[in-house]
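Enquirer: return atomic coordinates for the entry below.
(one chain, ligands or ions: 1)
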Amino acid sequence: MQIEPITFRDTSCIRIQAEGATALVALHGAQVLSWTPADGRERLFLSERAVFDGRAAIRGGIPVIFPQFGERGPLQKHGFARSREWRFEGAEGDEAVFALAGDGRDAGWPHSFRARLRIGLTATRLTVALEIENTGAAPLAFTAALHTYLRVDDIAQAAIEGLQGCDYEDSANGGTLHRQHDYEVTFEGETDRIYNDVVAPLALIDGDRSLAIEQDGFGDAVVWNPGEHLCARIADLAPDDWRRFACVEAGQVLQAAVLAPGERWSGSQTLE
Ligand SMILES: O=P(O)(O)OC[C@H]1O[C@@H](O)[C@H](O)[C@@H](O)[C@@H]1O
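Expert: Numbering: from 1, shown residues only. So this is what the prediction gives:
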């Protein structure tokens, strides 16, 4: 694994290369911005209108959502980890490691924690693992996700497999509860669903291509595409961008993780 600090859009990043594959990770949010396996084809979506001002969350790649998913609590939407500067800790074995430690007091979350993001890269595979440790003296609870923006050629030809039989909360329709009966999840209009108890590997079908998505430790999977109308209201997306990505997020959302002092949690997502 070769590691090199570089600047991309005025933002400090770490470029990781291994076996002909490349990943680019911004220190802002420890956010993977780009992943190109050895075949040279970019697999992640990064908005051309993404804001790189050192404060805002970056639209695209793999934002780290912690310690609150969405607006399911009193904190800022999707928590503060995606808009903080993480530290690059170096390579550990065949992984690049990023860390964010301290407390969330200034963001309204009075807990001490240590978060680590471990990124592994091979010719064909990207693994992103999030570890949370409670470094305080009282228990803490959090929700989290790896909010992966997967690039597609055409959302009309895209589908997610592997969710059949799972129950989901439909956030685009008032949080109503449903069961996934169809083999595939396809995208018509705004799609915003939190699938529970996801165990099987998922696959993103993009025309005649397929990407395998596995998760470990995370109980839920979130599937999100804003559709045309919501996309038009999101300032850091171009009007047509909803056609170009599907978010498949490994999440711990419906049930918060609770850590006693000194305890650790970890969850990962692997794309291949
Ligand atoms: O615009 P944000 O804050 O990055 O959020 C994007 C989307 O993230 C998804 O994870 C949520 O399920 C959606 O409800 C949300 O709109």
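Enquirer: in stretch 55-73, which residues are buried?
Expert: Residues 57-70, 73 are the ones in stretch 55-73 that count as buried (16 or more other Cβ atoms under 10 Å). Where you see a C-beta, it was placed from the backbone N, CA and C, and this is true even at glycine.
Enquirer: identify the bridge partners of residue 202.
Expert: Taking DSSP bridges as the rule, residue 202 bridges to residue 213.
Enquirer: that older thread, from the buried residues of stretch 55-73, which land in helices?
Expert: Using DSSP state H, no member of the buried residues of stretch 55-73 sits in helices.
Enquirer: so which of these also contact the ligand?
Expert: Restricting these to those touching the ligand (Cβ under 6 Å from any ligand atom) yields 57, 70.
Enquirer: now for the closest residue to the ligand within the stretch 101-250 of the chain: which residues touch it?
Expert: At 4.2 Å from the ligand, residue 224 is the closest residue in the stretch 101-250 of the chain, using Cβ to the nearest ligand atom. Contacts for residue 224 (Cβ atoms under 8 Å, 6 or more residues apart in numbering) come out as 191, 192, 193, 246, 247, 249.
Enquirer: next structured bit after the helix or strand encompassing it?
Expert: Under the criterion of DSSP states H and E, residue 224 resides in strand 220-225. Later in the chain than strand 220-225, the nearest helix or strand by DSSP H and E is helix 227-232.
Enquirer: now that next one, how far from the centre of its chain.
Expert: When distances are taken as Cα atoms, centre = their mean, to the nearest Å, helix 227-232 is centred 20 Å away from the chain's centroid.
Enquirer: contact residues of the stretch 101-250 of the chain facing the ligand?
Expert: Going by Cβ under 6 Å from any ligand atom, the residues of the stretch 101-250 of the chain near the ligand are 147, 171, 192, 222, 224, 249.
Enquirer: which of those residues lies closest to residue 102?
Expert: residue 147 (21.7 Å; Cβ to Cβ).
Enquirer: nearest spatial neighbour of the closest one, skipping sequence neighbours?
Expert: Once flanking residues are discounted, residue 147 sits nearest to residue 63: 4.3 Å by Cβ to Cβ, 6 or more residues apart in numbering.
Enquirer: and the longest strand for this structure?
Expert: The longest strand of the chain (DSSP state E) is strand 245-259.
Enquirer: quick one: buried residues of it?
Expert: 245-254, 256-257, 259.
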